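**Q** need the 3D shape of this:
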Amino acid sequence: MAGREKVLKMSVEQPLWRALTAYRVLTMMYAIGLFVAAYSSFARPWLAVAYFAVLAVWTLATLPKVAGAAHCTKGFLAADLAVALTGILLTPVADAHWRVLDGGPTLPSIWTAGSVLAFAIKGGWRWAACASLLVGVANVVQRGAFSRDTVHNVLLVCIASIAIGYVVEVARASERTLARALEIEAATRERERLARDIHDSVLQVLAMVQRRGTAIGGEAAELGRMAGEQEVALRTLVAGGLVRTSYVSEDASQGAVVRVVEETGAEEAAGAGGTAGAGGVAGTGGAARAGGVLGGTGAAGPGEGAERDLRLLLAPYAGSRVTLSEPGAVVPLAPHAAEEVAAAVGAALDNVRRHAGADARAWILVEDDPDAVVVTVRDDGPGIPRGRLAQAEGEGRLGVALSIRGRLRDIGGTAELISVPGQGTEVELRVPRTARDVRGKAEAER
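**A** Predicted coordinates for the structure are as follows:
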């Protein structure tokens, strides 16, 4: 199968880095504004001017460092905190003594909180606690003693940084969980798609070889027995395929990485293995795949993304024992959705042939409602005994579960099966007008 890999990065902490970048610039300007307003009160204003010059250059030059976790290294965090601590310890030297005793602001003021928050976003609440402790010690040394304002400010920075660090850690864990969930969903859908293709082609051929070999006898009987064994083994493999483990980035702070394999449309088959003919239902075995049906009808629109006429895709199924009733006007659907509906109809008719017999009759009714397209497949067979579908799914026979219901579910539709023993079976396929054209979107993104 041709495909391409699309890597999606999810990081809820990236907005925090952007907010921190703006916070550092604004608080730097605020600290400089406080100094300018109280310039005459400073004992050594030249020392404060020198510090603020360094602070301004440092803040503006390191903006790329705090733009994301990748560039925010441990060395930068240590140097950034050192700048903040130096400003705190220089405050009693540059400022007037009475202002320090009255609880005046330190030189970096609330810019210090930005340095601590960088620790929190990068390393979580433990890093934040260590940085907050150092800031608290520096404030006590600067004041010369404990005071209510000092304790209040230190506790505020400590609690805020630890809380943000904890939230970041929880967010990262949630990203990893979401990444694994998306990985499992993508792998499950891919497995179901492969299972449908295998059911519509390989498994049916093996089952036919087994039946024909048993009927012919002799050496053909041995060939039929081997084909039956391979059918059972393949059904078991399809029903219990493995799901790959999820991928995460090497640096967890970069966020979870999800790898999704998207179909390119190259897997569409070019020809039909026998669409419809005089046999009617009997000829649908090889055409159950959507690609096979389309090979005989050609394109229904001018371009790959144009809507297709569902009637043209269902027409090859009509025959001596299959009656197709359709509206007189075009029944447009998204290309991939139309193909999946046609393939589901083919799978339903194949079930009629296999379980109701070659002489069974079937009817296909296409209804074009304003909000949905409804296709009904009905037969006059013996019906399905109660509990038989669940039993078949447990045995790995996933024709209804994957080839019909799975296809409709993937495009946003529904498939309902009604069966009364002795009165036949009816399969109703309902596709909304907004059916998902997954393959068309993948083509458009290229």
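
**Q** any regions of this structure where pLDDT drops low?
**A** Low-confidence segments of the chain (pLDDT under 70): 1-12, 144-150, 152, 195-201, 203-204, 231-305, 385-402, 435-446.

**Q** which residues in it form strands?
**A** With strands called from DSSP state E, the chain shows them at 3-10, 256-263, 308-309, 322-325, 332-333, 362-368, 372-379, 414-419, 425-432.

**Q** the last one packs against which elements?
**A** To tie it back to what came earlier, the one meant is strand 425-432. On a contact count with 3 or more Cβ pairs under 8 Å, 6 or more residues apart in numbering; DSSP states H and E, strand 425-432 meets helix 335-351, strand 372-379, helix 407-410, strand 414-419. Using the backbone N, CA and C atoms, a C-beta is placed for each residue, glycine as well.

**Q** rerun that using 6 Å as the cut-off
**A** helix 335-351, strand 372-379, strand 414-419 (3 or more Cβ pairs under 6 Å, 6 or more residues apart in numbering; DSSP states H and E).

**Q** touching the second one from outside, list them.
**A** Identification of contacts with strand 372-379 by Cβ atoms under 6 Å, 6 or more residues apart in numbering yields 331, 345, 348, 352, 356, 360, 362-367, 424-432.

**Q** show me what counts as buried in it.
**A** Judged by neighbour count using 16 or more other Cβ atoms under 10 Å, the buried positions of strand 372-379 are 372-373, 375-379.

**Q** swap in the first one?
**A** Applying a neighbour-count criterion of 16+ other Cβ under 10 Å, one finds 335-351 buried in helix 335-351.

**Q** picking up where we left off before, tabulate the helices and strands packed on strand 425-432 (TSV), appending distance to Leu77.
**A** Formatted as TSV, those follow (distance: least, Cβ to Cβ, whole Å):
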stretch	distance to Leu77
helix 335-351	50
strand 372-379	57
strand 414-419	54
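
**Q** picking that back up, closest to Glu307 among the buried residues of strand 372-379?
**A** Nearest to Glu307 among the buried residues of strand 372-379 is Val373, at 11.1 Å by Cβ to Cβ.

**Q** pairing partners for the closest one in the sheet, please.
**A** With DSSP bridges as the criterion, Val373 is bridged to Asp368, Val431.

**Q** quick one: the helices in the stretch 51-200 of the chain?
**A** Using DSSP state H, counting those that start in this stretch, the helices of the stretch 51-200 of the chain run over residues 74-94, 97-101, 111-123, 125-143, 148-198.

**Q** now do the same end-to-end measure for stretch 193-206.
**A** Using Cα to Cα, to the nearest Å, the end-to-end distance of stretch 193-206 comes out at 19 Å.

**Q** for Leu20, which non-adjacent residue is closest in space?
**A** Val66 (5.4 Å; Cβ to Cβ, 6 or more residues apart in numbering).

**Q** the nearest residue to Gly406 once chain neighbours are set aside: neighbouring residues, count only.
**A** Among residues not flanking Gly406 along the chain, Glu192 sits closest, at 4.9 Å (Cβ to Cβ, 6+ apart). Other residues near Glu192 come to 21 when the count uses other Cβ atoms under 10 Å.

**Q** also Ala128?
**A** Taking other Cβ under 10 Å as the criterion, the count of residues near Ala128 is 28.

**Q** any idea how far Leu194 lies from Ala372?
**A** Distance, Leu194 to Ala372, by Cβ to Cβ, to the nearest Å: 28 Å.

**Q** what of Gly383?
**A** The gap separating Gly383 from Ala372 is 26 Å, by Cβ to Cβ.

**Q** repeat that for Val209.
**A** Counting by Cβ to Cβ, the gap between Val209 and Ala372 amounts to 40 Å.

**Q** Phe52 now?
**A** With Cβ to Cβ as the criterion, Phe52 and Ala372 are 68 Å apart.

**Q** then Val140?
**A** According to Cβ to Cβ, Val140 and Ala372 sit 71 Å apart.

**Q** swap in Gly217?
**A** In terms of Cβ to Cβ, Gly217 sits 50 Å off from Ala372.

**Q** and Lys122, what does it touch?
**A** By Cβ under 6 Å, 6+ apart, the residues touching Lys122 are 69, 72.

**Q** next one: Ile164
**A** Ile164 makes contact with Ala120, according to Cβ under 6 Å, 6+ apart.

**Q** burial of Arg211, as a residue count?
**A** The burial count for Arg211: 14, using other Cβ under 10 Å.

**Q** and it, how far from Val205?
**A** For Arg211 relative to Val205 (Cβ to Cβ), the value is 11 Å.

**Q** likewise Ala372?
**A** Separation of Ala372 from Val205 (Cβ to Cβ): 34 Å.

**Q** please apply the same query to Gln142.
**A** 83 Å.

**Q** neighbour count winner among the two?
**A** Shown here are Gln142 and Val205; by other Cβ under 10 Å, Gln142 has more neighbours (20 against 14).

**Q** for Leu133, see how far away that one is.
**A** Gln142 is 15 Å from Leu133, by Cβ to Cβ.

**Q** just checking, Leu324 touches Ala318?
**A** Yes: the pair Leu324 and Ala318 qualifies as a contact (Cβ atoms under 6 Å) at a distance of 4.0 Å.

**Q** what sits against Trp17?
**A** Listed by Cβ under 6 Å, 6+ apart, the contact partners of Trp17 are 67-68.
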